[in-house]
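Trainee: Got a sequence here, can you model it:
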Amino acid sequence: MKIFKFGGASVKDASAVQNVAQILDRYRNDRVVVVISAMGKTTNALEKVLALFYEKNDWSLALREIREFHDRIVDDLFGEKNPQQLRERLAGIFEEVVRYLSKAGNFVPDEIYDKVISVGELVSTTIVESYLDEKEYSTCWLDARRLVRTDSRFRNARVDWEITRRHVRMEVERRPDTRLFITQGFIGSDHRGRTVTLGREGSDYTAAIMANCLDAESVTIWKDVPGILNGDPKLVRNTLLYKELPYREAAEMTYYGASVIHPKTIRPLGEKNIPLYVRSFINYEEPGTVIHDCQVENLAPAVIFKFRQVLLTFSMPNFTFINEKHLTLIFHALDTFDIRLNVMQNSAVSISICADYRPGKLKELLQHLGNDFQVKYNLDVNLVTIKNFTEEVLAGVIADLNPEDELLLEQRSRNNVHLIVQPAVSV
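Mentor: Numbering: from 1, shown residues only. This is a model prediction of the structure:
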C-alpha cells in the first residue's frame, strides 16, 4: 500500500486534475490511498464566506462563486458528457453549507468553521474520484469523517488512534479488489459524529495517519517544488535541495515553520519507519527528497521564516523572581487557550515567549494572566530559525534584514539560532 497526498495547487483546475491522473497511471499495479486537499484557494474562499456571514453581509455571492469555480472544472474535465449524478452530489454538498449557516446559532463558531471549511475537501475528492472513475480506474471514495476519529477540539482535533486504526483497516480490507482509494485530507469527526478539522494545512497529517494505520510502504507528498529546500527561494538566496533528511531534522524544521510539510506529519511515520517522499507533481520523474531513518553528515543549514507571531514578556511586580509556579501558570494558560509556543527565553525576573498570533485567543490569555503578571507584547513579529547554523549563514541572514527592522531577541543553542524580528513592514 502506498499513500499519496495531492495539495490544492495540484488540483487547482482541470489540467491539474488530468496531471494527477497521469501520475496515478504509473501506479496502476499498486494499491494506493490518495489524500486530496481542497482545490486551489477554496479553503481561503470558504473562510471569506464565513467572514461575510459573521459581519452580517451578503455571503451568498461568495459561495456561488466557489460553486461556479468547481462547475467550470467539471465542464472542462467532462466536456459534453455532462455528468448529472456528479452535479447532483456537488449541489447537495453546497446546500449543506447553507443549512449549516442557517442554524449557526446552535453551534459555537469553531464548530461552524469546521463544518463549512471541510466542504472544500468533500467537493474536490468527489470531482477527482468521478474523473478517475470515468478513466476506468478501480476507485473507491472514502469519507474521512468515517475514518478519522478524534476528540472534540474543533479546528485542531486530536486523533483517537485506536478507533481510527480500526476504521481505516476495516474500510480498506473489505475491498480487496479496489486499487485506488480517494479520501479527504484535513477532516475527521468526533465521538458524536460532528465534523472536525485537524489544523490548517492538515492534509499531510491525514496521509501520515493513513500510512500508520495501514502499515504502508511509503508516503509521497506531491508539491509544486522539487522537494525540500533549505530555505524559501523567495526569501533565501542560493537554496539547496536536500536529497534525504532524518526524521528528527524534518520534524524540527516543520515545528519552526518550514511550510513544505505539516508539523504533525513526521511522528506517525517515524514510529513505523515509513519513508516520506516529497516530490514535484510538475517534474514527477525526479526523485525529490526522502525523509527516513538515516544519518546525514554536514547537513546544509536551513533558514526558516515563520510570520504572524507575537512576542510576549511576562514579569512579576516588584522584581519578584520567576519560579516554577509562575511557569506552570503560563504553560497551563497557553494550553487552555490553544496558543502554540515556538520559542521561550527566561531571565531571573521575566519570561519571554514567541507564539503563533491568534488575536481572539491572545486577548483571552492576557485577561486570564493579567492579575498575576505584568505583560508586554509585540504583535506581528517574525521568527527566523537557522538550523545547523554557521556563523557565515547567520551573518548573511542578519545582513539581509531590512535596516529598519528591529531585532528583539536572539537565542542560540548548540545547533540552532532563533531571531525574533519586528519588521518595519509586515509580510
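Trainee: in the stretch 151-300 of the chain, which spans are helices?
Mentor: Using DSSP state H, counting those that start in this stretch, the helices of the stretch 151-300 of the chain run over 161-173, 203-214, 247-255, 266-270.
Trainee: among those helices, which gets the worst mean confidence?
Mentor: Mean pLDDT values for the helices of the stretch 151-300 of the chain show the minimum at helix 247-255, a mean of 92.
Trainee: buried sites along that one?
Mentor: For helix 247-255, the buried set under the neighbour-count rule, 16 or more other CB atoms under 10 Å, comprises 247, 249, 250, 251, 252, 253, 254, 255. The way it works is simple: take the backbone N, C-alpha and C, and place the C-beta from them, glycine included.
Trainee: What helix or strand is the closest residue to residue 98 other than its chain neighbours located in?
Mentor: Taking CB to CB, 6 or more residues apart in numbering, and ignoring the residues beside it in sequence, residue 98 has residue 63 as its nearest neighbour in space, at 7.6 Å. Per DSSP states H and E, residue 63 falls inside helix 60-78.
Trainee: What angle do helix 60-78 and whichever helix or strand comes after that helix make with each other?
Mentor: Next in sequence after helix 60-78, counting helices and strands by DSSP H and E, comes helix 84-102. Helix 84-102 and helix 60-78 are oriented at 160 degrees to each other (axes from the mean of the first three to the mean of the last three CA atoms, to 10 degrees).
Trainee: which phi and psi does the closest residue to residue 377 other than its chain neighbours have?
Mentor: Spatial nearest neighbour of residue 377, excluding adjacent residues (CB to CB, 6+ apart): residue 312 at 4.8 Å. Phi and psi for residue 312, reported as degrees, to the nearest 10, are phi -110, psi 140.
Trainee: OK, contacts around residue 312?
Mentor: By CB atoms under 8 Å, 6 or more residues apart in numbering, the residues touching residue 312 are 352, 353, 354, 355, 375, 376, 377.
Trainee: if I look at it, how far off is residue 416?
Mentor: 21 Å (CB to CB, to the nearest Å).
Trainee: Also residue 322?
Mentor: Distance, residue 322 to residue 416, by CB to CB: 23 Å.
Trainee: Same question for residue 171.
Mentor: For residue 171, the distance to residue 416 - CB to CB - is 41 Å.
Trainee: Looking at the buried residues of helix 247-255, which is nearest residue 265?
Mentor: residue 254 (7.0 Å; CB to CB).
Trainee: Ramachandran coordinates for the residue nearest to the closest one when sequence neighbours are not counted?
Mentor: Excluding the flanking residues, the one nearest residue 254 by CB to CB, 6+ apart is residue 263, at 4.2 Å. When read as degrees, to the nearest 10, the backbone of residue 263 gives phi -60, psi -30.
Trainee: what's the neighbour count on residue 263?
Mentor: A count of neighbours around residue 263, defined by other CB atoms under 10 Å, yields 22.
Trainee: residues touching it, list them.
Mentor: Taking CB under 8 Å, 6+ apart as the test, what residue 263 contacts is 251, 254, 255.
Trainee: any idea which of these is closest to residue 153?
Mentor: residue 255 (19.2 Å).
Trainee: Show the contacting residues for that closest one.
Mentor: Residues near residue 255 by CB under 8 Å, 6+ apart: 263, 342.
Trainee: So it versus residue 292, what's the distance?
Mentor: Distance of residue 255 to residue 292, computed by CB to CB: 18 Å.
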